[in-house]
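Trainee: Sequence and predicted model, in that order:
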Amino acid sequence: MKEKMKFGIIISIFIIFFGSKAKSQQVDCPPNQEWEIETRTLVEFYPYFILGGLDDFEAIKARRTDDGYEIKVDWSSLYVGGMGGLFRLTKEEVKQMMYKAIIIHFTERNCSGMGDPNEMRFVFYEETECKQLKHCYLRVKKEQRVFCTDEGWPGPDPEFLNYQGEEFYNVRKLVTCGKQCCQYIFIVDRGVDEHGSRYPRIKSFTKIPNPGSNCPPSTDVDCLKGEPEPCSSTCE
């Protein structure tokens, strides 16, 4: 109980909220999953006055597995306010905190899972944007490579691509080309602090595509060099 109160205080300092009314517009990731655990149980370690109304809290779904949990979080309902805004936390930084918070919650609600072999496997299903690198080339004459620079210009000068004896200025931009369902896999064991108390510790983290989920195939090519422009995500 003390550990739960301690963790609740830490979270309350940052004042991280999950909006109770937001609904996800995500694709089915993972498809046809049967969730077993009521999501509102996750907020047990939060001070209730921070979250406000809990009746419609539906941000997290979970399912017990043989060696841990499978979890889906509706991150669209996550925002940072109060002290979290004061410390200039980004939404991504808050998400990293919430992964650990969720893991702590589920290890504490099923401590028997941390016995022998003293490990649990947490699989978070995440909808990830697929990205594609697009190019725009400007042909450059050598006498016009750098027309002028202001006095005190710190540099560097723009970089130019030499291709088949000609020089080009390459403007690149990432564009969204689809979505992919990914698995964020945390292997968690038990650490021991200086007081001899055990706590959930992230042993390893990996990202892999959910089986059967891929970014859309691409036949696009770089307009200058003819090289492939694949559509891919960070979990591939």
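Mentor: The structure has been received and is ready for your questions. Given the structure is predicted, the values throughout are model-derived calculations rather than measurements.
Trainee: Please make it C-alpha for all contacts and neighbour counts, starting now.
Mentor: Will do.
Trainee: element containing residue 107?
Mentor: Using DSSP states H and E, residue 107 sits within helix 91-109.
Trainee: Using CSV, write down the CA coordinates of the following helix or strand past that helix.
Mentor: Sequence order places strand 119-140 as the next helix or strand after helix 91-109, per DSSP H and E. The C-alpha atoms that make up strand 119-140 are tabulated as CSV, following Å, rounded to 0.1, in the frame of the first residue of the first chain:
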residue,chain,number,x,y,z
GLU,A,119,10.1,-12.2,-15.1
MET,A,120,7.0,-10.9,-16.8
ARG,A,121,6.4,-10.0,-20.5
PHE,A,122,4.4,-6.9,-21.3
VAL,A,123,3.2,-6.4,-24.9
PHE,A,124,1.9,-2.9,-25.7
TYR,A,125,0.0,-2.7,-29.0
GLU,A,126,0.8,0.6,-30.7
GLU,A,127,-0.5,2.0,-34.0
THR,A,128,2.6,3.5,-35.7
GLU,A,129,2.7,5.8,-38.7
CYS,A,130,4.5,4.6,-41.8
LYS,A,131,6.8,7.2,-43.3
GLN,A,132,8.3,7.7,-46.7
LEU,A,133,11.3,10.0,-47.6
LYS,A,134,10.5,12.2,-50.6
HIS,A,135,13.0,14.3,-52.5
CYS,A,136,13.0,17.6,-54.4
TYR,A,137,16.1,18.4,-56.4
LEU,A,138,17.3,21.9,-57.6
ARG,A,139,20.0,22.0,-60.2
VAL,A,140,22.8,24.3,-59.1
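Trainee: and residue 199, helix, strand or coil?
Mentor: Residue 199 falls in the strand class when you classify it by DSSP: H, G, I helix; E, B strand; the rest coil.
Trainee: Just give the number of residues close to it.
Mentor: Residue 199: 16 surrounding residues under other Cα atoms under 10 Å.
Trainee: Quick check, pLDDT for it.
Mentor: Here the pLDDT value assigned to residue 199 is 81.
Trainee: Quickly note the distance from it to residue 187.
Mentor: 14 Å (Cα to Cα, to the nearest Å).
Trainee: got it, and residue 149?
Mentor: Distance of residue 149 to residue 187, given as Cα to Cα: 53 Å.
Trainee: Run through the strands of the chain in chain order.
Mentor: Counting by DSSP state E, residue ranges of the strands within the chain are 16-18, 60-64, 68-73, 78-80, 119-140, 161-163, 166-192, 198-209.
Trainee: okay if I get those as CSV plus distance to residue 91?
Mentor: Output for those, formatted as CSV (distance: least, Cα to Cα, whole Å):
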stretch, distance to residue 91
strand 16-18, 10
strand 60-64, 17
strand 68-73, 14
strand 78-80, 7
strand 119-140, 15
strand 161-163, 36
strand 166-192, 17
strand 198-209, 19
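Trainee: Cool, thanks, signing off.
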